[in-house]
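Asks: dropping the sequence and predicted coords here.
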Amino acid sequence: MNRGPLGPAKQRASRGGYGKPTIRSVTHRHFANVLVTLAIVLCAPSARAQACCAGASAITPGRLELHEKALIGSQLRVAGSLGTFNSQGRFRSNPPGASEVDFEQDLFASVRWLRRGQLSLLFPLLLSRRSSETTGTELGGGIGDLNLGLRYDLVRNRELSYLPGIGLLGGATFPTGRAPEDAKQPLASDATGTGATQLGLGLALERSFARWLLSATALLSKRFSREVNGVESELAPQLSAVIGASYTVSDEFAVALFTTYNYEADASIDGQRVSGTGRRQLRLSLACSAELDAFRLHGNAFLDPPVDGAGQNQTASVGAVIGVVWSFL
Amino acid sequence: MKWFELRRCWFAAALVATCCVFLGCARSYRSEVPSLASISLTGSDGRTYEPSRVVGAHRLTVFIFYAAGCPCLAAHEPRIAELQRAFSGQDVAFFLVNSEHGASPSVDAREAQRRGLSVPLLTDSDARLARVLGAEFATHSIVLDARGRVAYSGGLDSDKKQLHPDATPYLRHALEDALAGRPQRATEHEALGCALQLD
């Protein structure tokens, strides 16, 4: 019997008429959480010619800028499903009558430790509306997985002429959300977490050139195995990478274009790798950020390109994010 | 979750955190006793300045660190000019210092003219003055008395790049206290300008 990589309960959740997106959406949400956590801790503070950080804030709205001691913020994300990628990476549009709209409200806070470190916390609240021809429409949500992020800037951006800014990243995700196997709704719209504890380590590089800021970040996360209905299940390590460029239009306003790639290999059940269960996702985002003294407003529009090969075992979404950050010097 | 795996990860995280602490401490170290001997800087007015002599020749000397593209520094230029006017006739010398990598006297001279700087801009090509005084950020202001002692080291005021009328004028307070011969209200404050590229 092929129990699948995520346990019988999760498989059961996937058997509805529009079940597959349900499972994928959980990872999709988790991926979004990782992305936001990355956004909080990623980029180093700014330097002279990049107009004091506005460029980096467009990509990573929740980060502490140079000299900031703490910040709190909130953002709202809305995403609609365009379709799904199957295990071979082929894109399929949503079947007739099927739809999915996800809302996510993130509350986050960052505080400085030592002179070059940042500690961030992300608390996501999720809401999903899903429908299929066979099960009808359902609404579910709840608290997502809590994320804790650390960043330490070994070298600040433009601090050294011969090196880019270098930041060490660390992260932990705690399974505070509802795991897929615990979902009660037929399409598992009330599944809000992966169910697994994760620890991650990463590296962030950035460099500004006049008004341009280029940044690249990679984070590798280890997901610990867990028992689902008596079966040991483990997701493969996940690699999240963000590459972006931002342009500081004025001291207070910046725009950015960045791409995010998320990859994980096949999961394993009882120590056996299950082929065809890996995931990957490519996301393109166009963002902007505006500073109003102690407040920063940010927004972005994103798209998971609905073309073959751009994803695997994931939904493809289009959506937008809007948020506000209040920082303290 | 396997316990030994969790323990291994926490150990790695603790190791990284420890390294960061040591690196952070090492980078934040700076000399407490500034030695200005043998430092010679070219000013935007074409003159050569030796900080050790300049300091000895004035009751107070103020070095404010400069970065050409820093909006925080640009925003503070009127306040620097205002301070210079306020303390004129009290034997207080003001200097801007460009210690950034690649700084050149000719470029600084042109820039000083273009910006209409009222304070001489000194080119600290090898960043020796910045290192001796421990400057890391633009607008970092250091007040030295005639004996070369640091009376104040830190931000020009409590503003970053957006100026507020109710900002706390740290440098003004430091100068007033030093001239009045009373204890400093504060000898240090954080400088809120852009990071200086010294190497």
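Replies: Yes, it's here.

Asks: could I get the contacting residues of A:Glu68?
Replies: The contact partners of A:Glu68, by CB atoms under 8 Å, 6 or more residues apart in numbering or on different chains, come to A:112, A:327-329. (Each C-beta comes from the backbone N, C-alpha and C, glycine too.)

Asks: so it: helix, strand or coil?
Replies: What DSSP: H, G, I helix; E, B strand; the rest coil gives for A:Glu68 is coil.

Asks: hmm, back to that, now, which of the contacts of A:Glu68 sits nearest chain B?
Replies: When the contacts of A:Glu68 are compared for distance to chain B (CB to the nearest CB), A:Leu329 wins out at 6.8 Å.

Asks: quick one: pLDDT of that closest one?
Replies: A:Leu329 is assigned 81 on the pLDDT scale.

Asks: state the distance from it to B:His173.
Replies: From A:Leu329 over to B:His173 the distance is 18 Å, taken as CB to CB, to the nearest Å.

Asks: try B:Asp157
Replies: When distance is defined by CB to CB, B:Asp157 is 9 Å away from B:His173.

Asks: more neighbours, these two?
Replies: Taking neighbours as other CB atoms under 10 Å in any protein chain shown, B:Asp157 and B:His173 compare with B:Asp157 leading, 23 against 16.

Asks: I'd like the distance between that one and chain A.
Replies: 12 Å (CB to the nearest CB, to the nearest Å).

Asks: so what pLDDT did that residue get?
Replies: Model confidence at B:Asp157, given as pLDDT, is 94.

Asks: do I have it right that it meets B:Ala167?
Replies: Yes: using CB atoms under 8 Å, B:Asp157 and B:Ala167 qualify as a contacting pair, with a distance of 4.6 Å.

Asks: on that earlier part again, can you pick the most crowded of the contacts of A:Glu68?
Replies: Comparing these by number of neighbours (other CB under 10 Å), A:Ser327 comes first, having 22 neighbours.

Asks: doesn't it belong to a strand?
Replies: Yes: counting by three-state DSSP, A:Ser327 is found in a strand.

Asks: test of understanding: give the bridge partners of the nearest residue to it once chain neighbours are set aside.
Replies: Computed as CB to CB, 6 or more residues apart in numbering or on different chains, the closest residue to A:Ser327 that is not its neighbour in sequence is A:Leu71, at 4.1 Å. Beta bridges link A:Leu71 to A:Ser110, A:Ser327, judged by DSSP bridges.

Asks: over to A:Ala320?
Replies: Going by DSSP bridges, A:Ala320 forms beta bridges with A:Val78, A:Ala301.

Asks: pretty sure it sits against A:Leu303.
Replies: No: between A:Ala320 and A:Leu303 there is no contact under CB under 8 Å: 10.1 Å.

Asks: hmm, back to that, list the contacts for the residue nearest to A:Ser327?
Replies: A:62, A:64, A:109-110, A:325-328.

Asks: now it: how far from B:Arg172?
Replies: For A:Leu71, the distance to B:Arg172 - CB to CB - is 29 Å.

Asks: ok, now B:Asp108?
Replies: Taken as CB to CB, the span from B:Asp108 to B:Arg172 is 26 Å.

Asks: between those two, which one's more packed in?
Replies: Set B:Asp108 next to B:Arg172 and count neighbours by other CB under 10 Å: B:Asp108 wins out with 26 against 16.

Asks: check which helix or strand the more buried one maps to.
Replies: Element membership for B:Asp108, per DSSP states H and E: helix B:105-115.

Asks: so after that helix, what's the next helix or strand?
Replies: Immediately after helix B:105-115, counting by DSSP H and E, sits strand B:121-123.

Asks: pull the helix or strand with minimum mean pLDDT from chain B.
Replies: Ranked by mean pLDDT, DSSP states H and E, the helix or strand of chain B with the weakest confidence is helix B:3-28, at a mean of 54.

Asks: following that helix, which helix or strand shows up next?
Replies: By DSSP H and E, the next helix or strand past helix B:3-28 is strand B:41-43.

Asks: pLDDT below threshold where in chain B?
Replies: For chain B, residues meeting the criterion pLDDT under 70 lie at B:1-33.

Asks: residues contacting the most centrally placed residue in it?
Replies: With the centre of chain B defined as its mean C-alpha position, the nearest residue by CA atoms, centre = their mean is B:His140, 2.7 Å away. By CB under 8 Å, 6+ apart, the contact set of B:His140 is B:64-65, B:153-155, B:191, B:193, B:196.

Asks: give me the subset of the residues you listed touching chain A.
Replies: Among the contacts of B:His140, the residues that sit close to chain A (CB under 8 Å from any CB of the partner chain) are B:Leu196.

Asks: in JSON lines: the contacts of B:His140, plus distance to A:Tyr152 and secondary structure.
Replies: JSON lines is the format used below for these (distance: CB to CB, whole Å; DSSP: H, G, I helix; E, B strand; the rest coil):
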{"residue": "B:Ile64", "distance to A:Tyr152": "30", "secondary structure": "strand"}
{"residue": "B:Phe65", "distance to A:Tyr152": "25", "secondary structure": "strand"}
{"residue": "B:Ser153", "distance to A:Tyr152": "25", "secondary structure": "strand"}
{"residue": "B:Gly154", "distance to A:Tyr152": "24", "secondary structure": "strand"}
{"residue": "B:Gly155", "distance to A:Tyr152": "24", "secondary structure": "coil"}
{"residue": "B:Ala191", "distance to A:Tyr152": "21", "secondary structure": "coil"}
{"residue": "B:Gly193", "distance to A:Tyr152": "22", "secondary structure": "coil"}
{"residue": "B:Leu196", "distance to A:Tyr152": "20", "secondary structure": "coil"}
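
Asks: which single residue of the stretch 201-329 of chain A ends up nearest chain B?
Replies: Among the residues of the stretch 201-329 of chain A, A:Phe224 lies closest to chain B, at 3.9 Å counting by CB to the nearest CB.

Asks: right, and that residue touches A:Glu234 too?
Replies: Yes: if you go by CB under 8 Å, A:Phe224 and A:Glu234 touch, sitting 7.3 Å apart.

Asks: any buried residues in stretch A:85-97, and which?
Replies: Neighbour counts over stretch A:85-97 (16 or more other CB atoms under 10 Å in any protein chain shown) mark A:85, A:89, A:91, A:94 as buried.

Asks: in chain A, where is pLDDT below threshold?
Replies: Along chain A, segments meeting pLDDT under 70 span A:1-57.

Asks: can you pull out the helices in it?
Replies: For chain A, the helices defined by DSSP state H occupy A:8-14, A:20-41, A:54-59.

Asks: near chain B, which residues of the stretch 51-200 of chain A?
Replies: Counting by CB under 8 Å from any CB, the stretch 51-200 of chain A comes close to chain B at A:51-52, A:66-67, A:114-117, A:150, A:152, A:154, A:156-162, A:168, A:170, A:197, A:199.

Asks: 7 Å instead?
Replies: By the rule CB under 7 Å from any CB of the partner chain, the part of the stretch 51-200 of chain A lying against chain B is A:51-52, A:66-67, A:114-117, A:152, A:154, A:156, A:158-161, A:168, A:170, A:197, A:199.

Asks: just the buried residues from these, in PyMOL please.
Replies: Of these, the buried ones can be selected in PyMOL as follows, counting by 16+ other CB under 10 Å:
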select buried, chain A and resi 51+52+66+67+116+117+152+154+156+158+159+168+170+197+199
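
Asks: the residues of the stretch 51-200 of chain A next to chain B in strands, which ones?
Replies: The strands, defined by DSSP state E, take in A:117, A:152, A:154, A:168, A:170, A:199 from those.

Asks: which two among those residues are spaced furthest apart?
Replies: The largest separation in those, counting by CB to CB, is between A:Leu154 and A:Leu199 at 20.2 Å.

Asks: share the number of residues neighbouring A:Leu169, please.
Replies: Neighbourhood size, A:Leu169 [other CB under 10 Å]: 23.
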